[in-house]
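Engineer: below are the sequence and a predicted model; questions follow.
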Amino acid sequence: LDRAWRALVPALQDLVAEDLPPVEEDAAPAAASAPAAPPPTGPACKAQVDLPNDDDLANWSHHASVATTGDEVLKSAMAGSALVSFVFGMEVTADLVRAHAAS
């Protein structure tokens with residue numbers, strides 16, 4: 001399955017890239033004296049809170065990059081690609097299920 005996934009991902013990425021709208025250049029260049037906008041700041045990820053419900057996305061983990069996820073298959077599949085800009089994650093373990101059931 002892993003081999004089939006690795007073979008399929010580049011083809012899927014090509015299809016998605018073909019459907020993306022072209023990047024439009026700014027019509028008027030910024031003034032030379034205007035200061036450059038600072039890069040966005042903030043955390044690269046927010047940790048999951050306990051075991052949230054499926055529809056409680058605010059408490060899932062939030063990742064500004066696939067690099068901060070624990071999903072090695074996703075990281076491998078998206079290596080060198082910028083097609084994924086944000087990831088929600090939810091880890092389900094036996095310990096989290098037991099703690100959730102007890103609460």
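Structural biologist: Noted; the coordinates are in hand. This one's a predicted model, so the numbers in the text were calculated from it and none came from an experiment. Residues are numbered from 1 along each chain as shown.

Engineer: quick one: contacts of the host helix or strand of Ala4?
Structural biologist: Per DSSP states H and E, Ala4 falls inside helix 2-19. With contact meaning Cβ atoms under 8 Å, 6 or more residues apart in numbering, helix 2-19 is reached by 73, 76-78, 81, 83. For every residue, glycine as well, the C-beta is placed using N, CA and C.

Engineer: PyMOL command to pick out the buried ones of these?
Structural biologist: In PyMOL syntax, the buried subset of those is picked out as below (16 or more other Cβ atoms under 10 Å):
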select buried, resi 77+78
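
Engineer: show me the contacts for the closest residue to Ala58 other than its chain neighbours.
Structural biologist: Residue nearest to Ala58 in three dimensions, not counting chain neighbours: Pro52, with 7.8 Å by Cβ to Cβ, 6 or more residues apart in numbering. Pro52 sits next to 58-60, 90 when contact means Cβ under 8 Å, 6+ apart.

Engineer: and what of Val49?
Structural biologist: Counted by Cβ under 8 Å, 6+ apart, Val49 has contacts Asn59.

Engineer: any stretches of this protein with poor pLDDT?
Structural biologist: Applying pLDDT under 70 to the chain flags the ranges 1, 16-43.

Engineer: show me where this protein has its strands.
Structural biologist: Assignment of strands within the chain using DSSP state E yields the ranges 45-46, 61-63, 87-89.

Engineer: for the contacts of helix 2-19, which one is nearest Arg98?
Structural biologist: Val73 (26.3 Å; Cβ to Cβ).

Engineer: number of nearby residues for the closest residue to that closest one other than its chain neighbours?
Structural biologist: Distances taken as Cβ to Cβ, 6+ apart put Trp5 closest to Val73, at 6.9 Å, once the chain neighbours are dropped. A count of neighbours around Trp5, defined by other Cβ atoms under 10 Å, yields 12.

Engineer: and the gap between Trp5 and Leu74?
Structural biologist: 10 Å (Cβ to Cβ, to the nearest Å).

Engineer: count of residues packed around Trp60?
Structural biologist: 19.

Engineer: from what I see, it and Glu91 are in contact.
Structural biologist: No: using Cβ atoms under 8 Å, Trp60 is not in contact with Glu91, being 9.2 Å away.
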